[in-house]
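Student: Sequence first, then the predicted structure:
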Amino acid sequence: MKKFYVILLLAVATVLVFVLYNKEDKQNQAIYVATDGNDQYDGTKSKPYRTLKKAASEANAGTTVFIRKGNYHEKLVVKHSGTKSKPITFKAYNKEKVVLSGKDMKDVEGDTAIVAINNKNYVTISDLTIQDLFTDLADETVIGLYVTGSSSHITLENNHVQRIETNAADGNGHGIAIYGTGTMKDINISHNTLEDLKLGASESLVLNGNIDGFQVNNNIVRRSDNIGIDLIGYEGISKDKTVDFVRNGVVKNNLVTEISSYGNPAYGEEYSAGGIYVDGGKNITIEKNTVYKNDIGIEATSEHAKKYADNITIKNNSIYENFYTGISIGGYDEHRGGTRNSTISQNILYRNDTKGLGGGQLLLQYETKNNVIEKNILTAGPSRIFISNYFTTNQKNKLIKNVFHKEKGERGIWVWKEQEYTSFSKFQKASKSDNKSSYIDPKYLNANEYDFRLNEDSPARKIVN
């Protein structure tokens, strides 16, 4: 009898192992999609599905959806969430060129996205080309890649987003849009290229609303007619006003160029688009980015009265040849918010204000409080303005160990609390700059080739390091 029970137990154990193994296998499966597939197939590599819709409906936790090369004229709407140990991934198979095109999508009011993730967790979108979504409707917002709701632990990597366009005078479009209508955490956007976007009043890559924790790293954003990378708060995206702002994140190692609102129907002939813009965010670090030939290099403020960009660190960025100014803090008039408790440190600000608009290398506007500006090297552009500050609401800002590039035969201009100075010593006294701030030649290795390293004998080395 004991022998019988032992045999029975072994049989039950074998069945359980088989069931659990198959369950585990299903949760870690690969699904394939191909343009010559069929949704009646089983989704294997040899018998792939035909549509992204079918693949998304079958992709549960632990699934990787491999998309084979070709053009897909349909939306990808993520249907299920993954888990920490079993995420869901949609990606091009073996780096094949996979194009998701919105060319055949009809104009409809509301939000139209080629890739959409709503209230889903642990999802990755990788290696896709997302393109050609157009609208003529003012009430339609076209978006390449859209994440909303309470979606968390989302990764968007190695994607190419191009030709997302609104042709309406009052229209809106985004390349990538992350809207935290609920609570979002752990948003990762890396190694994507966004280019050739017509955005109306909106942004190329935007995080907006209740987003707590993010990384925006190693992306290329270029040739768009409004803001490049934007981190926004206080627009009513989240129903909870106490957390309606983007916070606790890093924007690092991105290249942002040719971002200009000039000629955009929403802005006319204004040069007002920031390459990287914090509009009401908090606890954000912007570092080691290369930002050039935009309207504004990097901007941190809030467009909403009595709200602030708070505890923003802008450091070690190369910011050059932007049309209006290199770095801007503070609101553009008294009806806006401002910038406080922030640090601008060890940046290269080189020949910005190329259109001679008076923004200089560093622009301080309305409501700047308790900010530290230190160890930056500033080379004046055609306007010869280093610092431009036409507001008297500049309070308790500290200027420490900055180097202003003294060029033979050229004068420098500093504007501080509405007063213009052509004498560095008088500006130094008026602004209460520390005695280690200098007006000298920093001796770049080869600034004409945008190599901003300093020569071995540079007197600026000991100041800014």
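Tutor: It's in.
Student: Next up, the contacts around S81.
Tutor: Contact partners of S81, counting by C-beta atoms under 8 Å, 6 or more residues apart in numbering, are 61, 88, 120-123. The way it works is simple: take the backbone N, C-alpha and C, and place the C-beta from them, glycine included.
Student: Determine the three-state secondary structure at it.
Tutor: Using DSSP: H, G, I helix; E, B strand; the rest coil, the structure places S81 in coil.
Student: This protein - how does it break down into domains?
Tutor: 102-270, 277-465 (automatic domain parsing).
Student: Would you mind giving those as a markdown table with mean neighbour count, distance to V77 and mean pLDDT added?
Tutor: Supplementary listing: these in a markdown table, determined by neighbours: other C-beta atoms under 10 Å; distance: least, C-beta to C-beta, whole Å; pLDDT from 0 to 100:
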| stretch | mean neighbour count | distance to V77 | mean pLDDT |
| --- | --- | --- | --- |
| domain 102-270 | 21 | 5 | 97 |
| domain 277-465 | 20 | 29 | 96 |
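Student: Figure out which of those is closest to K45.
Tutor: domain 102-270 (17.0 Å; C-beta to C-beta).
Student: What is the distance between that closest one and the centre of its chain?
Tutor: 8 Å (C-alpha atoms, centre = their mean, to the nearest Å).
Student: End to end on it, go ahead and measure it.
Tutor: Start and end residues of domain 102-270 are separated by 30 Å (C-alpha to C-alpha, to the nearest Å).
Student: coming back round to it: give me the subset of the contacts of S81 that lies in strands.
Tutor: In this view, those that belong to strands under DSSP state E are 88, 121-123.
Student: Of all pairs in those, which one is the farthest apart?
Tutor: Going by C-beta to C-beta, the pair spanning these furthest: I88 and N121, at 9.1 Å.
Student: Between the two, which contacts overlap?
Tutor: What both I88 and N121 touch, as defined by C-beta under 8 Å, 6+ apart, is the set 81-82.
Student: Run through the strands of the stretch 1-150 of the chain in chain order.
Tutor: 30-33, 64-67, 70-72, 76-77, 88-92, 98-101, 110-118, 121-126, 129-135, 140-148 (DSSP state E, counting those that start in this stretch).
Student: T141 is in contact with A168, isn't it?
Tutor: No. Contact between T141 and A168 fails when scored by C-beta atoms under 8 Å: they sit 10.2 Å apart.
Student: element containing V246?
Tutor: strand 246-252 (DSSP states H and E).
Student: which residue ranges form the helices in the protein?
Tutor: 2-27, 52-58, 424-431, 461-464 (DSSP state H).
Student: Let me see the residues that make contact with the strand holding V246.
Tutor: For strand 246-252, using C-beta under 8 Å, 6+ apart, the contacting residues are 180, 187, 207-209, 211-218, 229, 231-233, 276, 280-289.
Student: So for I7, what pLDDT did the model give?
Tutor: We have a pLDDT of 50 for I7.
Student: cool, the one 4 residues further on as well?
Tutor: A11 is assigned 50 on the pLDDT scale.
Student: repeat for the one 4 residues further on
Tutor: As summarised for this prediction, V15 has a pLDDT of 46.
Student: K47 now?
Tutor: 98.
Student: contacting residues for it?
Tutor: 37-38, 41.
Student: Recalculate using a threshold of 7 Å.
Tutor: Y41 (C-beta atoms under 7 Å, 6 or more residues apart in numbering).
Student: next one: S431
Tutor: Per C-beta under 7 Å, 6+ apart, neighbours of S431: 399, 416.
Student: Ok, Y292 next?
Tutor: Y292 neighbours (C-beta under 7 Å, 6+ apart): 257, 320-322.
Student: quick one: which of these is nearest to S438?
Tutor: So of these, ranked by how close each gets to S438 (C-beta to C-beta), first place is Y320, at 20.3 Å.
Student: Look up phi and psi at K79.
Tutor: phi -100, psi -20 (degrees, to the nearest 10).
Student: How confident is the prediction for it, by pLDDT?
Tutor: For K79, the predicted pLDDT is 98.
Student: how close does the residue most central in space within the chain sit to Y122?
Tutor: In the chain, the centroid-proximal residue (C-alpha atoms, centre = their mean) is I229; its distance is 3.5 Å. Applying C-beta to C-beta, to the nearest Å, the value for I229 to Y122 is 24 Å.
Student: Run me through the strand neighbours of the strand holding V246, direction for each.
Tutor: Strand 246-252 pairs in its sheet with strand 205-217 (parallel), strand 282-287 (parallel), by DSSP bridges.
Student: With distance to Y93 as new columns, can those strands be given to me in CSV?
Tutor: Output for the strands paired with strand 246-252, formatted as CSV (distance: least, C-beta to C-beta, whole Å):
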stretch, distance to Y93
strand 205-217, 25
strand 282-287, 35
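Student: Make a markdown table out of the strands of the stretch 1-150 of the chain and add distance to S345.
Tutor: A markdown table is the format used below for the strands of the stretch 1-150 of the chain (distance: least, C-beta to C-beta, whole Å):
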| stretch | distance to S345 |
| --- | --- |
| strand 30-33 | 47 |
| strand 64-67 | 42 |
| strand 70-72 | 45 |
| strand 76-77 | 41 |
| strand 88-92 | 38 |
| strand 98-101 | 41 |
| strand 110-118 | 36 |
| strand 121-126 | 34 |
| strand 129-135 | 36 |
| strand 140-148 | 31 |
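Student: Which one, of the ones you listed, ends up nearest to E195?
Tutor: strand 129-135 (9.9 Å).
Student: Can you spell out which helices and strands pack onto that closest one?
Tutor: Applying 3 or more C-beta pairs under 7 Å, 6 or more residues apart in numbering; DSSP states H and E, we find strand 129-135 packed against strand 98-101, strand 110-118, strand 140-148, strand 160-166.
Student: residues contacting Q395?
Tutor: Counting by C-beta under 7 Å, 6+ apart, Q395 touches K369.
Student: For G360, see how far away it is.
Tutor: 20 Å.
Student: What of A92?
Tutor: 45 Å.
Student: Redo the helices and strands packed on strand 129-135 as CSV? Include distance to H80.
Tutor: Compiled in CSV, the helices and strands packed on strand 129-135 are given as follows (distance: least, C-beta to C-beta, whole Å):
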stretch, distance to H80
strand 98-101, 19
strand 110-118, 11
strand 140-148, 15
strand 160-166, 24
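Student: Select, out of those strands, the one closest to A460.
Tutor: strand 160-166 (39.1 Å).
Student: contact partners of that closest one?
Tutor: Residues contacting strand 160-166 (C-beta under 7 Å, 6+ apart): 129-135, 142-145, 172-173, 175-176, 192-200.
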